[in-house]
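Novice: no sequence for this one, just the structure:
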């Protein structure tokens with residue numbers, strides 16, 4: 001192996017986290033309830049971006065601690081609640097959603113994150129829209 005390749009490999013394993021581009025990004029969530037007259041478009045922030053991942057094809061050559069499949073996930077988050085307009089009195093008109101304060105590259109926690117990339121677009125409204133800028 002060439003010295004350049006070895007140095008690049010060591011640098012990547014050591015400083016891979018600093019090369020990641022994981023940060024809060026603006027995102028619009030569309031929320032509607034069957035009983036309510038409107039769809040609410042909520043502007044929030046989510047964690048999105050690139051995280052350095054180490055391919056496990058070389059697992060025989062590397063230590064297990066050097067192998068990782070990191071995703072861009074929440075470091076700090078808070079929840080906000082919005083009121084969905086046009087709901088009848090017997091319906092709970094509130095919707096709580098996460099707001100990314102800061103992000104990190106790490107293991108995906110299925111307790112609060114969807115760890116699978118969505119293939120079909122489902123984030124749209126079928127009813128008239130109202131906007132909520134929080």
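Specialist: Yes, it's here. What you are looking at is a predicted structure, and each value in this text was computed from that prediction instead of being measured. Numbering: from 1, shown residues only.

Novice: Run a quick neighbour tally on the residue nearest to residue 131 when sequence neighbours are not counted.
Specialist: Leaving aside its chain neighbours, residue 131 sits nearest to residue 41 (5.0 Å; criterion: Cβ to Cβ, 6 or more residues apart in numbering). All C-beta atoms are positioned from the backbone trio N, CA, C, and that covers glycine. By the criterion of other Cβ atoms under 10 Å, residue 41 has 19 neighbours.

Novice: right, and residue 41 touches residue 124 too?
Specialist: No. Counting by Cβ atoms under 8 Å, residue 41 stays clear of residue 124, with 9.7 Å between them.

Novice: what's the overlap in contacts for these two?
Specialist: Common contacts of residue 41 and residue 124 (Cβ atoms under 8 Å, 6 or more residues apart in numbering): residue 30.

Novice: follow-up on the earlier one: confirm that the residue nearest to residue 131 lies within a strand, as I assumed.
Specialist: Yes. Counting by DSSP: H, G, I helix; E, B strand; the rest coil, residue 41 is part of a strand.

Novice: which residues does it bridge with?
Specialist: Judged by DSSP bridges, the bridge partners of residue 41 are residue 30, residue 131.
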